[in-house]
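Undergrad: What shape does this take:
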Amino acid sequence: MKFSMLAIAATAMAASVSGFAGVHPVNQVRTFMPVTSLKMSAAVDTDTKVALQTAANEARGLAMDSIAAAKSGHMGLPLGAAEIGATLYGSIMQYNAKDPQWMNRDRFILSAGHGSMFIYSWLNIAGYELPMEELKNFRQHHSMTPGHPEFPNSEHNTPGVECTTGPLGQGVANAVGFALSEKMAAARYNTADHTIFDHTIFALAGDGCFQEGVSAESAAFAAHEKLDNLVILYDANEVTLDKMAEYTQSEDILARYAGYGWEGFDIDGHDLDEVQAAMSKAKTNKNGKPKFIKCNTIIGKGMPETEGTNAAHGEAGVPYVDKAREGLGLPADKWHVSPDTRKYFGSVQEKNEGVYNAWGETYKAWSTANPAMAKELEAAIADDVMSAEDMIDAIPSMEADVAEASRVSGNKAIQEIAKLVPNYISGSADLHGSCRNYINDGGNVGADFDKSFAGKNMYFGIREHAMGSILNGIAYHGIFKASGSTFAVFVDYFRPTIRVAALAELNRVSWILTHDSIGVGEDGPTHQPVETVSGIRVFPNVDVYRPGDAEETVGAFISSVTRKDGPTALIFSRQNLDQNNLLSVKERREGTLKGAYIAKKETADLEVIIIATGSEVQHALAVGADMAGARVVSMPCMEAYERQSDDYKESVLPAAHTKRIAMEAGVSGLWYKYASKVVGVDRFGFSAPGDIVMRELGMSAENLKSEVESM
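TA: Next up is the predicted model:
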């Protein structure tokens with residue numbers, strides 16, 4: 001393939017760091033993983049190198065033009081990591097731009113999401129359906145190019161964006177979830193005759209991602225479980241936002257990752273031969289180790305006024321864009337991609353389509369040979385599960401005639417859910433025994449010991465933050481539905497992942513949070529959540545279920561696997577709860593799906609409505625049983641109730657009847673939306689047996705009755 005003299009000149013200029021600006025040279029290649037031999041065996045031919053360098057410089061131009069137009073954005077990473085992008089999309093990755101949802105594509109995650117023009121530029125150049133007009137509308141309302149990459153949702157749909165990133169560290173931890181999901185899919189669906197899954201997960205991250213603790217948790221997990229299909233690319237530009245990176249870090253990151261058990265590479269991130277060699281080796285070497293490539297780069301490369309400094313991190317370079325474009329050899333016309341680059345990436349697409357078509361033939365043969373597995377896989381990818389109505393009928397009665405903790409009911413329910421939803425998996429942050437979410441006969445997920453990637457039970461260790469991010473990664477990957485458990489009070493360890501799951505509308509993820517209130521008892525206030533449940537409820541787009549008996553627990557689980565537009569938190573008790581056998585199994589399950597329902601109807605003129613949730617429903621029923629004019633409403637999920645029709649809500653909570661009291665063993669604030677008086681717990685608890693803590697803090701039928709009578 002021939003290229004213009006301008007392109008060749010640009011390549012020659014870019015080959016020398018000093019050709020861009022008189023700043024410090026890129027660190028020399030270290031010996032953590034010898035690169036010289038890799039470079040010899042995987043050298044990029046001259047024409048390809050010219051093509052990739054030309055594309056890299058044009059990607060720099062696209063980023064500069066879009067950020068300048070928006071007068072907002074982060075210029076440093078797209079300019080500094082351009083050769084990495086060129087190699088990924090122009091040589092290394094397996095993808096089909098015409099079918100961005102192809103199940104066996106390599107995944108790319110931009111963990112350093114602030115550098116979003118990096119991925120938008122490369123998606124356009126690589127031929128995805130991301131028109132140049134959308135790059136020109138960077139960060140504008142309703143554009144396909146929001147400020148940080150967003151997983152397709154009701155606000156944005158950008159083909160080629162695999163997950164929502166921006167909160168630093170989340171992307172690298174999400175990538176671990178992607179890699180785990182790929183391993184599980186391969187173990188479950190590949191056969192001796194047909195390989196359906198064999199793709200690689202790539203993530204590009206910066207210093208901030210590795211300073212955040214979630215990267216450490218997830219890196220340890222990835223190495224322990226031998227996720228050798230994972231490649232992390234570290235954009236090591238020695239810069240953070242406030243200061244040069246040396247001001248706040250001095251660790252040897254390669255030694256750190258070697259200590260975890262990763263295979264490492266230390267390369268010049270602007271040398272196309274080294275980048276190609278390291279990525280190629282990392283992708284193909286299935287040695288049981290995830291791969292960490294330290295790409296030493298210059299932030300803002302190509303803009304002498306800011307490159308190599310923390311000023312390059314944001315939009316400070318906007319005044320220098322025209323000069324930088326000229327220095328890169330780009331024409332005066334903005335948003336320029338040359339015909340040569342389009343032609344080269346057309347050839348890349350042609351090559352990728354060959355791989356894609358060959359895989360299609362393999363998949364067709366596999367599907368013919370394994371029709372049951374094919375049906376299961378296609379349903380999993382389409383998120384096609386049994387309807388909630390059918391699940392209500394399919395799951396046997398819990399037959400709980402005696403008091404039972406909802407975590408125990410949850411253990412029974414999850415067994416039935418796992419039977420009805422074959423792609424449902426679950427895990428715990430070292431609390432399977434307490435949270436009771438182990439799937440019997442499901443096997444354990446991972447490497448070594450009694451684990452295999454065909455299992456259904458994940459062991460995250462005491463790593464709640466990583467667990468949350470990994471669950472999101474599994475959900476993004478798009479095959480499994482995944483839940484993870486811990487004590488409710490430890491939600492704050494992974495709260496950032498709940499927020500991202502909610503805004504990304506990840507309906508494939510849920511959390512099982514037990515020991516839900518001051519009823520925890522003897523462990524004391526450190527383990528007694530009072531603000532926690534309401535703290536999750538305030539997230540938009542999270543359904544929070546706190547069921548009051550065994551059948552409500554079943555209904556909550558059903559909702560968690562049938563919901564289509566967001567995640568679900570399942571809040572379960574440690575202590576036993578009385579069963580509401582006044583209503584049938586079906587009535588309680590159906591009522592739970594609606595978020596609130598009449599658990600006990602008045603037998604005389606309506607005088608008072610008692611609203612309760614979770615462990616407090618039993619007290620409301622006890623008080624209501626002696627009051628003919630009392631209606632008891634169980635409200636396991638405020639969010640689901642709010643989605644019901646006005647007519648239904650009026651039938652449960654008539655607007656004309658304002659004498660209402662609500663009860664929950666937690667902070668009272670949110671309940672004033674539904675009641676004029678609230679019996680809650682607006683203080684921390686104390687260490688004592690759970691029943692004593694409950695009684696002393698007003699969570700009893702006797703106290704509720706007194707409060708009702710005082711109205």
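Undergrad: List the buried residues for the helix or strand hosting residue 510?
TA: Taking DSSP states H and E as the criterion, the element that holds residue 510 is strand 509-514. Judged by neighbour count using 16 or more other C-beta atoms under 10 Å, the buried positions of strand 509-514 are 509-514. (Each C-beta comes from the backbone N, C-alpha and C, glycine too.)
Undergrad: what residues does it touch?
TA: With contact meaning C-beta atoms under 8 Å, 6 or more residues apart in numbering, strand 509-514 is reached by 407, 410, 414, 426, 431, 434-437, 468, 471-472, 474-475, 481-488, 491, 498, 501, 532, 560-561, 567-574.
Undergrad: What of stretch 191-200?
TA: 93-94, 103-107, 182, 185-186, 189-190, 229-231, 283, 362-363, 365-366, 369-370, 377.
Undergrad: Contacts made by the helix or strand hosting residue 485 with the rest, please.
TA: Applying DSSP H and E as the criterion places residue 485 in strand 481-487. Contacts to strand 481-487, defined as C-beta under 8 Å, 6+ apart, come from residues 385, 421, 423-429, 431-432, 434-435, 437, 458, 460, 464, 467-468, 470-471, 474-475, 493-494, 508-515, 527, 529, 560-561, 570.
Undergrad: Can you turn the buried part of the residues you listed into a ChimeraX selection?
TA: Buried residues among these (16+ other C-beta under 10 Å), as a ChimeraX selection:
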select :385,421,423,424,425,426,427,428,429,431,432,435,437,458,460,464,467,468,470,471,474,475,493,494,508,509,510,511,512,513,514,515,527,529,560,561,570
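Undergrad: Just the ones in helices from the contacts of strand 481-487, please.
TA: In helices, defined here by DSSP state H, the members of the contacts of strand 481-487 are 432, 434-435, 464, 467-468, 470-471, 474-475, 560-561.
Undergrad: Can you tell me which of those is nearest residue 608?
TA: Taking C-beta to C-beta as the measure, residue 608 lies nearest residue 560 of the ones in helices among the contacts of strand 481-487, at 32.4 Å.
Undergrad: For that closest one, which residues are in contact?
TA: Contact analysis of residue 560 by C-beta under 8 Å, 6+ apart lists 483, 510, 543, 545, 568, 570.
Undergrad: what do you get if the cut-off is 7 Å, keeping everything else the same?
TA: Going by C-beta atoms under 7 Å, 6 or more residues apart in numbering, residue 560 touches 510, 568, 570.
Undergrad: What is the burial count for residue 390?
TA: Residues within reach of residue 390, counting by other C-beta atoms under 10 Å, total 13.
Undergrad: Repeat that for the one 4 residues further on.
TA: For residue 394, the count of nearby residues is 13 (other C-beta under 10 Å).
Undergrad: Do I have it right that it meets residue 421?
TA: No: between residue 394 and residue 421 there is no contact under C-beta atoms under 7 Å: 10.9 Å.
Undergrad: Overlap in contacts, the two.
TA: Here residue 394 and residue 421 have no joint contacts, going by C-beta under 7 Å, 6+ apart.
Undergrad: Tell me where the stretch 251-400 of the chain has strands.
TA: 263-268, 291-296 (DSSP state E, counting those that start in this stretch).
Undergrad: one step back: let me have the contacts of residue 560 in CSV, adding pLDDT and distance to residue 607 as columns.
TA: Shown next, in CSV, are the contacts of residue 560 (pLDDT from 0 to 100; distance: C-beta to C-beta, whole Å):
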residue, pLDDT, distance to residue 607
510, 98, 38
568, 98, 35
570, 98, 34
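Undergrad: so where does residue 610 fall, helix or strand?
TA: Going by DSSP H and E, residue 610 is part of strand 608-612.
Undergrad: Mind checking which of the contacts of stretch 191-200 are buried?
TA: Members of the contacts of stretch 191-200 classed as buried by 16+ other C-beta under 10 Å are 93-94, 103-107, 182, 185-186, 189, 229-231, 283, 363, 366, 370, 377.
Undergrad: picking that back up, list just the nearest of the contacts of residue 560 to residue 710.
TA: residue 570 (34.1 Å).
Undergrad: partner residues bridging the closest one?
TA: Beta bridges link residue 570 to residue 512, residue 545 when assigned by DSSP bridges.
Undergrad: That one contacts residue 555, doesn't it?
TA: No: the pair residue 570 / residue 555 is not scored as a contact, 10.7 Å apart, by C-beta under 7 Å.
Undergrad: mind showing which ranges of this structure have poor pLDDT?
TA: Where the chain drops to pLDDT under 70, the residues are 1-42.
Undergrad: Surely residue 414 and residue 439 touch.
TA: Yes: with contact defined as C-beta under 7 Å, residue 414 and residue 439 form a contacting pair (6.2 Å).
Undergrad: From the buried ones among the contacts of stretch 191-200, which land in helices?
TA: 182, 185-186, 189, 283, 363, 366, 377.
Undergrad: biggest separation within those residues, which pair?
TA: Farthest pair in those, by C-beta to C-beta: 283 and 377, 24.0 Å.
Undergrad: tell me the phi and psi of the spatially closest residue to residue 393 that is not a sequence neighbour?
TA: Residue nearest to residue 393 in three dimensions, not counting chain neighbours: residue 586, with 7.8 Å by C-beta to C-beta, 6 or more residues apart in numbering. Main-chain dihedrals, residue 586, degrees, to the nearest 10: phi -70, psi -40.
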